[in-house]
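Engineer: test case, fold it:
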Amino acid sequence: MSNHRVLKLREAMQQKNVEALFVTSAINRRYLSGFTGSSGYVLVTLNDAYLLTDFRYMTQAPQQAKDFKVVEHAQRVTDTVKELLASANINKLAFEQDDVSFASYSAYAEQLKPIQLVPVSGLVEQLRIIKDAEELKVMQRAADLADSTFNHILGFVKSGMTEREVDLEMEFYMRRHGATCSSFDTIVASGERSAMPHGVASERVIAGNELITFDFGALLDGYCSDLTRTIAIGEPDPKLKEIYNIVLEAQLHALEHIKPGMTGREADALARDIIAKYGYGDMFGHSTGHGLGMEVHENPRLSKLSDDILQPGMVVTVEPGIYIPGLGGVRIEDDIVITETGNAVLTHSSKEFTVLPV
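Structural biologist: Down below sits the predicted model:
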């Protein structure tokens, strides 16, 4: 077995006294095996690694999961799992408790008897936190596509359009340039809606003399980007320009000082303390950032409550904001990778206060 991810997983399994792990998460399945099909399971023991799938994928699976033994599972996958474990004389099976519903657990427990099911959490996710060189190359391409999309939309958006029209143009652009889809429901929040941190695109008509916040990303070859920029159409209320400058100061300060060895709460404070200094601490109600990878929200967390230790190879967002209900809000976000000495920024869209004509 030359799959270094499986080898690292086995080390983690041994530390937890796990002889066999049943992987049901589609994200973790792809991470370990490379298989992109819509249906399948991974079974890893200390000696073997199986990809279990159905008839539809028996040509595709061996091509993608080169280091795995590909098995066409029985109508009930548990019958195949039980057979494989019996042949290896294994009577305990760990499963992903964060992915398996109670109904599925109940069915597995009944169908796998006398094998004992053991819940585990985060065995694969902990491996995914640290990105390898190939992952970082893909994530840079996803970040580049987000930057390109923002540049494109600056030439497209204008007053009189609905937020939804802008959202669709961004989605089409990302797909035309290689994305599977957007990383998440795109946020296009204009006017007073920009005070909504998760104001996904609506039928609101974009007017003049207001802000628009774009928060979006591309899912490209299995990995996400996540970029936020706030721009103006015409001349918005001066208070909005004031909070823009504060958010930018906070974000740039965090980018300058985030480094390995720092806790998530320390990284969060880099931005939060500046916003609080200007009297807007109560208007910054979310965390400064989060891990990014095959999912748009992963560990570690950059928040007031996070004791996660930042390590080289982690990719996180840095996204402080200020939101004033009834007026508008500002958020600025970049994706960064933690390096041996600090961090490197993956997204490079301009953060100058951009004003488009009405």
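
Engineer: could you list the domains of the chain?
Structural biologist: The record's domain parsing of the chain by automatic domain parsing lists 4-128, 133-356.

Engineer: need the winner for burial among those domains.
Structural biologist: domain 133-356 (a mean of 19; mean count of other CB atoms under 10 Å). For every residue, glycine as well, the C-beta is placed using N, CA and C.

Engineer: what's the end-to-end length of that domain?
Structural biologist: This stretch, domain 133-356, spans 38 Å end to end (CA to CA, to the nearest Å).

Engineer: may I have the residues that are in contact with the residue positioned nearest the centre of the chain?
Structural biologist: Nearest to the geometric centre of the chain sits residue 296, at 1.6 Å (CA atoms, centre = their mean). Shown in contact with residue 296 (CB atoms under 8 Å, 6 or more residues apart in numbering): 183-184, 217, 224, 226.

Engineer: if we can go back for a sec, let's have the domains of the chain in a markdown table, adding mean pLDDT.
Structural biologist: Output for these, formatted as a markdown table (pLDDT from 0 to 100):
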| stretch | mean pLDDT |
| --- | --- |
| domain 4-128 | 97 |
| domain 133-356 | 98 |
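
Engineer: picking up where we left off before, now do the residue nearest to the centre of the chain against residue 215, distance only.
Structural biologist: 11 Å (CB to CB, to the nearest Å).

Engineer: shared neighbours, those two?
Structural biologist: residue 226.

Engineer: quick one: the helices in this structure?
Structural biologist: Taking DSSP state H, the helices of the chain run over residues 4-15, 26-33, 60-64, 77-87, 102-111, 123-128, 133-154, 163-176, 238-257, 264-277.

Engineer: take those and write them to a markdown table, including distance to residue 334.
Structural biologist: Below are these laid out as a markdown table (distance: least, CB to CB, whole Å):
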| stretch | distance to residue 334 |
| --- | --- |
| helix 4-15 | 27 |
| helix 26-33 | 24 |
| helix 60-64 | 32 |
| helix 77-87 | 42 |
| helix 102-111 | 38 |
| helix 123-128 | 21 |
| helix 133-154 | 9 |
| helix 163-176 | 18 |
| helix 238-257 | 7 |
| helix 264-277 | 12 |
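
Engineer: contacting residues for residue 114?
Structural biologist: Counting by CB under 8 Å, 6+ apart, residue 114 touches residue 91.

Engineer: do the one 4 residues further on as well
Structural biologist: If you count contacts by CB under 8 Å, 6+ apart, residue 118 has them with 18, 92-95.

Engineer: for the closest residue in space to residue 209 that isn't next to it in sequence, give me its contacts.
Structural biologist: Distances taken as CB to CB, 6 or more residues apart in numbering put residue 234 closest to residue 209, at 4.0 Å, once the chain neighbours are dropped. By CB under 8 Å, 6+ apart, the residues touching residue 234 are 159, 208-210, 355-358.
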